[in-house]
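Trainee: The sequence isn't on hand, but the structure is:
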Ligand SMILES: C=CC1=C(C)c2cc3[nH]c(cc4nc(cc5[nH]c(cc1n2)c(C)c5CCC(=O)O)C(CCC(=O)O)=C4C)c(C)c3C=C
Ligand SMILES: [Fe+2]
Ligand SMILES: [Fe+2]
């Protein structure tokens, strides 16, 4: 007897906006060797001396700005996505988070208890990064290997230029465009440049030249920079937005190492100073609105831009529960079920 199921994976949020809950979450998140990819002793020291004393209170305040009656926007939206996808397919759809709850460990236990033999693992990240897609997959596989080593698994690959994803992104974003917009900014979550180099299997291609991540290359199956550029290019082509009215930047830096640039906060200031008046910002690395979109762009970004002279900045919502996005996920599940049926 076989039983198939799908598992949606996302990053996770603290359980509440209390400082102890946020501290627990940040401790789990930033203790991940794929997020702070430095020697373990150094990571522990940095966490203890520089991050955990002050950041939990600052982040708790930021979370309070976006928290809803049902909880964190990321969790609430992810649960809604799970419900909507479940309604479109005829197998159970589970939801797990890399950090916090519902934890990957608990959800794999539930999946095992329900007798699942074939699991489609769906990291809800369009782009490959060791700190997002890779760590989610590694954690899920560790749990499966220890709890149910015979379970068969299949992985949804990063879908950064999948025409169906691009179509869903265009359909959800385009209604927010206005004729008098001066600029559409694609703001992606940043990562340290070091992690782009580490994810380059050749260790000789990515970030070696200014334009090395632009074009297709065998090293780019794991190149976050290339994949963000590719999403932007595909979106511009599919949406018809004039390229000269677009820009790209990377947000959410932590610590002082060089991260992928240009940095969103610096760019918003520059645009304001250079006379750009009306900006729309979309964040295609996130499929659900969360702290990093609602607070960092929709609140702080607005201040940065208007204080520098800009008139208005609007955040374009992520795909969230948009029907085209739900269809994308449901279709990928159905396609996997067809391959299962044809191979069994
Ligand atoms: C979209 C993919 C993401 C990548 C890549 C990523 C890398 C990355 N993040 C941090 C540090 C933090 N990120 C935080 C929040 C956060 N990050 C993502 C996604 C990616 N992160 C999401 C969806 C969220 C929002 C979570 C929510 O609850 O809404 C935070 C926590 C908040 C804060 O204190 O600022 C941190 C910290 C690093 C260091 C990193 C790559 C190395
Ligand atoms: Fe992050
Ligand atoms: Fe690259």
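Mentor: Looks like it came in fine. Every value quoted in this text rests on a predicted model; they were computed, and no experiment measured them. Ligands and ions are numbered 1, 2, ... in the order given.

Trainee: From ligand 3, how far out is residue 235?
Mentor: The gap separating residue 235 from ligand 3 is 19 Å, by Cβ to the ion, to the nearest Å. C-betas here are computed from N, CA, C, even on glycine.

Trainee: tell me which residues in whichever strand or helix holds that residue are buried?
Mentor: In this structure, residue 235 sits in helix 224-239 according to DSSP states H and E. For helix 224-239, the buried set under the neighbour-count rule, 16 or more other Cβ atoms under 10 Å, comprises 224-236, 239.

Trainee: Which strands or helices does that helix pack on?
Mentor: If contacts are counted by 3 or more Cβ pairs under 8 Å, 6 or more residues apart in numbering; DSSP states H and E, helix 224-239 sits against helix 163-173, strand 183-189, helix 193-198, strand 246-251.

Trainee: tell me the angle the longest one makes with strand 183-189.
Mentor: Taking axes from the mean of the first three to the mean of the last three Cα atoms, to 10 degrees, helix 163-173 and strand 183-189 form an angle of 120 degrees between their directions.

Trainee: for residue 256, phi and psi?
Mentor: phi -100, psi 0 (degrees, to the nearest 10).

Trainee: gap between it and ligand 3?
Mentor: In terms of Cβ to the ion, residue 256 sits 23 Å off from ligand 3.

Trainee: Counting neighbours, what do you get for that residue?
Mentor: By other Cβ atoms under 10 Å, the residues close to residue 256 number 6.

Trainee: and the chain, what are its domains?
Mentor: Domain assignment of the chain by automatic domain parsing yields the ranges 4-158+322-343, 163-315.

Trainee: Could I get the full set of strands for this protein?
Mentor: In order along the chain, the chain carries the following strands (DSSP state E): 4-10, 93-97, 118-123, 152-155, 183-189, 246-251, 278-282, 312-315.

Trainee: Now do the second one: everything it contacts.
Mentor: Going back to what we said before, that points to strand 93-97. Contacts to strand 93-97, defined as Cβ atoms under 8 Å, 6 or more residues apart in numbering, come from residues 5-13, 75, 78-79, 81-82, 85-86, 102-104, 106-108, 110-111, 140, 333.

Trainee: just the first one next, same as before
Mentor: If you take Cβ under 8 Å, 6+ apart as the criterion, strand 4-10 is touched by 74, 78, 81-82, 85, 89, 91-98, 104, 107-108, 111, 114, 116-125, 136-137, 140, 287-288, 329, 333, 336-337, 340.
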